[in-house]
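> I'll drop the sequence and a predicted model, then ask my questions.
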Amino acid sequence: MKIRTLRRVNYNPGVAKAYAKAMLSVIGEMTKSADYWVKAQWNAKLTGRSMDEIAENLDELKQGWVAKFDNLSLRVAPAFAKQIERGTTMALKKSLSAYDIPTVRFSMTKEMQQAMDGIVAENVNLIKSIPERYFTQVQTIALQSITRGRDLQYMTDELVKQTGITRRRAANIARDQNNKATAELSKVRQEALGITEGIWIHSGGGSEPRPKHVKANGRRFKLAEGLPVGEGGEYVLPGQEINCGCTWKPVLPY
């Protein structure tokens, strides 16, 4: 009997781009603020301010940006999850229509809500972690530069490097979470229809593709399990590992 499959699950790069843009806008404001204040503290040292005072000032600046990112996370994460839910639902409906399968009225099931809540919680934490990581490094750069007598140019160069790292991390979070959330919500929607299996499709991208993922291409797997192709041999779904762009074709059970 010939296997019938739906269209493969696709990740919408536009969603990831919008998510990254929301973070990068605030990151730009944060790094400009940090650059200004850190240089001010470097100059303050020359006027006799103590290291404890400088460290306290930087910590106050950090806490202000932590609060701003807290607010950002509570706005962006739920909107992101909802956008993914709408996209995966519409994509599945279109895929089903290609087989003349009657239109399905999708509801917000308990399983779907749990998946949505998990996505929101994870992304809230990731967004909130951005200023924490950034200022940990900024404080180290500033205090070490001052105590070791580094010149202002050295400190400026190090801050620029840290800004680049933070921006790249935000873009990576958006791209990676877009894939993970799409995979998770697609899986839940498909299982609600009685679809329990998929056929792994390797992304074909990346300069250093995961060998296990390449070998998984074309293999049939259970949506509830995935395949044992994780970094440590654990079972994973396409799109679940960091920077994984693999996807799958849902196998129709009828």
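The structure has been received and is ready for your questions.

> now the strands for the stretch 51-200 of the chain?
Along the stretch 51-200 of the chain, counting by DSSP state E, counting those that start in this stretch, strands occupy 197-201.

> What segments of it are helices?
For the stretch 51-200 of the chain, the helices defined by DSSP state H, counting those that start in this stretch occupy 51-97, 110-147, 152-192.

> Of those helices, flag the one that's most buried.
Per residue and on average, the most neighbours among the helices of the stretch 51-200 of the chain fall to helix 152-192, with a mean of 19 (mean count of other CB atoms under 10 Å). Just so you know, the C-beta spots here come from the backbone N, C-alpha and C atoms, and that holds for glycine as well.

> Check the offset of that helix from the chain's centre.
Remark: helix 152-192 is offset 5 Å from the chain centroid, using CA atoms, centre = their mean, to the nearest Å.

> What is that helix packed up against?
Using 3 or more CB pairs under 8 Å, 6 or more residues apart in numbering; DSSP states H and E as the contact criterion, the elements in contact with helix 152-192 are helix 13-46, helix 51-97, helix 110-147.

> hmm, 10 Å instead?
helix 13-46, helix 51-97, helix 110-147, strand 197-201, strand 247-251 (3 or more CB pairs under 10 Å, 6 or more residues apart in numbering; DSSP states H and E).

> Reformat the ones you listed as a markdown table; add distance to residue 3 and mean pLDDT.
Output for these, formatted as a markdown table (distance: least, CB to CB, whole Å; pLDDT from 0 to 100):
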| stretch | distance to residue 3 | mean pLDDT |
| --- | --- | --- |
| helix 13-46 | 29 | 87 |
| helix 51-97 | 15 | 90 |
| helix 110-147 | 25 | 91 |
| strand 197-201 | 8 | 95 |
| strand 247-251 | 6 | 95 |
